[in-house]
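[1] Here's my sequence, what's the structure:
(chains A and B)
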Amino acid sequence: MLKLAWRNIWRNKGRSAISIAAVMFCVIFAVVLRSFQIGVWENMTHEIVANNFGYLQLHQKGFWADQTLDNSLELASINEQMFLDHPEVKGLIPRIESFSLVSTGEGTKGTLVMGIDPKKELPGLQLDQFLMEGSTFAPDDKSVVVAEGLAKFFNLSVGDTLLFIGQGYHAASAYGRYPVVGIARMRNPELNKQLVLMPFKEAQFMYNCVGRATTLVVDLEEGADYKRVDQELLAAIDSSAIELLSWEQLFPEIIQTIEADMAGGQIFISILYVIISFVLLGTVIMMVAERQREFGILVSIGMRKSKLAVVTVVENLILTMGGALLGMAIVKPVQFYFKYNPIDLSGQMREAVEQFNFEPKLHTTTSFMINVNHGLIIFLIGSLVSLYAVWKIMTLNPVKSMRS
Amino acid sequence: MIFKIAWRNIWRSKVRSLVVLTSIALGIWAGLLIIGFSFGMNNERTAAAIGSTLGHSQVHSSSFLEEPTSAAVLGSAAEVQAMEELLQKASFVKGVSTRAIMMGMVSAPKSARGVRMIAVDPESERVNSNLPETIVEGDFFESKTRNSVIIGQKLADKLGLGLRKKVVLTFQDADGNISRASFRITGIYKTLNATWDELNLYIKRSDLAKTIGQDLVHEIMVRYDETENTEEKTAELSAAMPEGATILSWKRNSPELGYADDMMGIMLVLVLGIIMMALLFGIINNMLMAILERRRELGMLMAVGMNKRKLFVMILVETLMLGFVAGPVGILLGDLSTRVMMGIGIDLTSKKEGLSNMGIQSIIYPEIVPEYYLIVAVMVVITALLASLYPAYKALKLNPVQAIRGE
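    Residues are numbered from 1 along each chain as shown, chains lettered A, B, ... in the order given. This next block holds a predicted model:
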């Protein structure tokens, strides 16, 4: 019977090719749409998490819920060697993160202050790569680098002086006065508007918290499985004194926003699936209509209807499977192309996307699971619509259909 | 003649025609539904922002737009008064509210954050905005307490503060002096836009005046009778504005909202594009199959002397006719299902938090956008026509003799 189906497929190459093409294109479109929907987010989280915040962060217990310097971490209490011994941990990056009112004498603005060591930092904070003007600071300098957006707000240039008025460790006042040595463009638009960077040591000094840090970013090796590292480290640390949080715990908003957007995306994809189902059904309807005569002859020379139906379904399944596999494979280069050559948004649109913390580019994801999932769904729809052929064959009137 | 043959052909093969017809109608249906959904989502966001925070348009001094410092005021009290009267002369202006905007910092006992402080006149806000309705705890400046502040739910959470707690606000007056004053939280508000709630807090203008000894006005919020034609109305008011003052519509005042509009446009084009492509290939497939099926008939027509050009036109005309029938059907279908969903709403409550991060309500009511009906219908019919080009070309390549034999 399989042989019969196989021969039928080859007997009418034109029709078979069309059926395969129908399924193939459906798979391609579903996968492309979904790849964009997911890829945009995948890229954004990577952009934010891997480049700026790290997949895992270590704090004093309770810091993330109540982000004050009073909840900063005593560096001496951390056994750094224990982390470095883990094969997938590259190092610990200490940071001081706090707010301060910054003034140039003319304007004043609340800003985010980060004390970092650019040499040790994650890619997004390796300042020398993002400098637009001036230079970066050495660990022992007493100077600051200002994000581009903030510099624009204050109309700053290299050499200007900034005044800091804030709150330090244990309610000490944190006053400071530092020259601007560089202006850097931060990739994250939100940070670009409000970030001031200073040497880690100087931040400890200004905020009166020498020997402490608010955050230790656990720097992972390229391609490390952060979830596993998280589990393994959690078992080793004293979780009554320090907290180890993954990015999902750090930024639940990102997860929530992704889920909300996915819900919207699912509405679109279901509408696409209505179209796809109909395209597939259309193909089957046409196939049956075209083969009325053939079916009629077969039944009248004694082929049992049920057998004929099975042959037709097998035929259809082979075609659908072929189309689905072909579609899954063909769409792969498309996914890769848009992953590395994202659709670049321009002009006004750029700012829109930046407002929502995106990089203004539409990426695709290259996760093969999407192809498999949607290939499978479409294969199922394809199989389901071949029931139409079964119904048509079972109610076939051989005489009438031969005359048509 | 061709029209007649085409029309008959359509009726002769009902199944085939029905398949193509349904494809076209479904394409239109999908287009309308997606547009309705996107617009619904976006307009709710816009309406909420206009009502509670932005107003339809706002007047600022030109220097404020360049750099929002405290010194960039609109003018003296008399000048502001004159502007208000000028604005209210227009028949479509329902009300105006004056506000002072200060960039500064809010310090709680344990932490501090950069914020934008909006100093308002409570009476006027009550009339002109629905900000008071967004209060979830406490009230909107009902009590006469001095130095009361209303902060967003999100900011309250971030600062770990609640009602009746004290905060210190730090800001700079128009001369550049830094002032600090202690304020008590008397209300907590929550708009649809969590990002706004995190950054903005409200105080009374009278309190601000007492604290810094200056009564500043940086902004006049203008509310129109309805949102329609906002750009035109704003342009009309703009012509009357005195020098140094600029009136901008909400779309330009809040670029993120305006751009969210545009962003939606992009996603819409992407999604519609993909759906049209799917449709295109679906119809090409069906038409190709139809040509295969009709080989005999087409060969016969050629054999009895129909020239190839006419044959080509005939196939296109068939598709076009199907398009004309399917168009209204699709529009009706799309319109009806949008209306039905408008009644029910698409419930995304489980994703509430995430939607609120994007400034969207958790139940989305699609909207009917008749302007797009014709555009979508024409787009789909053109897609169908394009899809019949290749099959029609294939038909031309038929060899009449072989075709009739069924080879």
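
[2] where exactly do the strands run in the chain?
    As the question left the chain open, I've gone with chain A. Using DSSP state E, the strands of chain A run over residues A:56-60, A:73-74, A:89-103, A:108-116, A:131-134, A:144-147, A:161-167, A:173-184, A:195-199, A:212-213, A:215-220, A:242-246, A:343-344, A:361-362.

[3] let's do chain B instead
    Using DSSP E, the strands found in chain B span residues B:57-61, B:93-107, B:112-120, B:135-138, B:148-152, B:166-172, B:178-189, B:200-204, B:219-224, B:245-249, B:346-347, B:363-364.

[4] which stretches of the chain have low pLDDT?
    You didn't pick a chain, so chain A it is. A:189, A:345-360, A:404 (pLDDT under 70).

[5] not quite, I wanted chain B
    Counting by pLDDT under 70, chain B has low-confidence residues at B:255-263, B:351, B:358-359, B:361, B:406-407.

[6] Nearest to chain A: which residue in the stretch 51-200 of chain B?
    Closest residue of the stretch 51-200 of chain B to chain A, C-beta to the nearest C-beta: residue B:114 (2.1 Å). Backbone N, C-alpha and C define where each C-beta goes, glycine included.

[7] Please name the bridge partners of that residue.
    residue B:105 (DSSP bridges).

[8] Was I right to think it contacts residue A:111?
    Yes: judged on C-beta atoms under 8 Å, residue B:114 makes contact with residue A:111 at a distance of 6.0 Å.

[9] of these two, who's got more company?
    residue A:111 (25 against 21; other C-beta atoms under 10 Å in any protein chain shown).

[10] distance of that one from residue A:159?
    Residue A:111 sits 19 Å away from residue A:159, going by C-beta to C-beta, to the nearest Å.

[11] Nearest to residue B:118 among the strands of chain A would be which one?
    Comparison of the strands of chain A against residue B:118 by C-beta to C-beta identifies strand A:108-116 as nearest, at 14.7 Å.

[12] which other residues reach the closest one?
    The contact list for strand A:108-116, computed with C-beta atoms under 8 Å, 6 or more residues apart in numbering or on different chains, reads A:93, A:95-103, A:125, A:150, A:153-154, A:164, A:166, A:191, A:194-204, A:207, B:103-106, B:112-115, B:171-172, B:178.

[13] deepest of the strands of chain A, which one?
    strand A:144-147 (a mean of 27; mean count of other C-beta atoms under 10 Å in any protein chain shown).

[14] How far away from the center of its chain is the longest helix anywhere in chain A?
    With secondary structure taken from DSSP state H, chain A has its longest helix at helix A:252-290. Centroid displacement of helix A:252-290 relative to its chain, using C-alpha atoms, centre = their mean, to the nearest Å, is 21 Å.

[15] give me the number of residues near residue 269?
    This is for chain A. 20.

[16] nope, chain B please
    When counting by other C-beta under 10 Å, one arrives at 10 neighbours for residue B:269.

[17] correct me, but residue A:90 touches residue A:220?
    Yes: counting by C-beta under 8 Å, residue A:90 touches residue A:220, with 6.3 Å between them.

[18] show me the residues around the closest residue to residue B:94 other than its chain neighbours that make contact.
    Leaving aside its chain neighbours, residue B:94 sits nearest to residue B:223 (4.8 Å; criterion: C-beta to C-beta, 6 or more residues apart in numbering or on different chains). By C-beta under 8 Å, 6+ apart, the residues touching residue B:223 are B:55-56, B:93-97, B:128-129.

[19] Let me see the contact set for residue B:203.
    By C-beta under 8 Å, 6+ apart, the contact set of residue B:203 is B:117-120, B:147-150, B:169, B:183.

[20] if we go to 6 Å?
    B:117, B:119, B:149 (C-beta atoms under 6 Å, 6 or more residues apart in numbering or on different chains).

[21] same deal with residue A:99?
    For residue A:99, the contact set (C-beta under 6 Å, 6+ apart) comprises B:112-113.

[22] gap between residue A:240 and residue A:60?
    Counting by C-beta to C-beta, the gap from residue A:240 to residue A:60 is 11 Å.

[23] Show me the beta-bridge partners of the residue in chain A that chain B sits nearest to.
    Chain A approaches chain B most closely through residue A:110 (2.1 Å), counting by C-beta to the nearest C-beta. Beta-bridge partners recorded for residue A:110 (DSSP bridges): residue A:101.

[24] Quick check: it vs residue B:137, distance?
    According to C-beta to C-beta, residue A:110 and residue B:137 sit 24 Å apart.

[25] what residues does chain A put near chain B?
    With the criterion set to C-beta under 6 Å from any C-beta of the partner chain, chain A comes near chain B through A:14, A:18, A:22, A:25, A:29, A:33, A:66-68, A:99, A:101, A:107-111, A:167, A:253, A:256-257, A:259-260, A:263, A:268, A:271-272, A:275, A:278-279, A:282-283, A:285-286, A:289-290, A:349, A:351-352, A:355.
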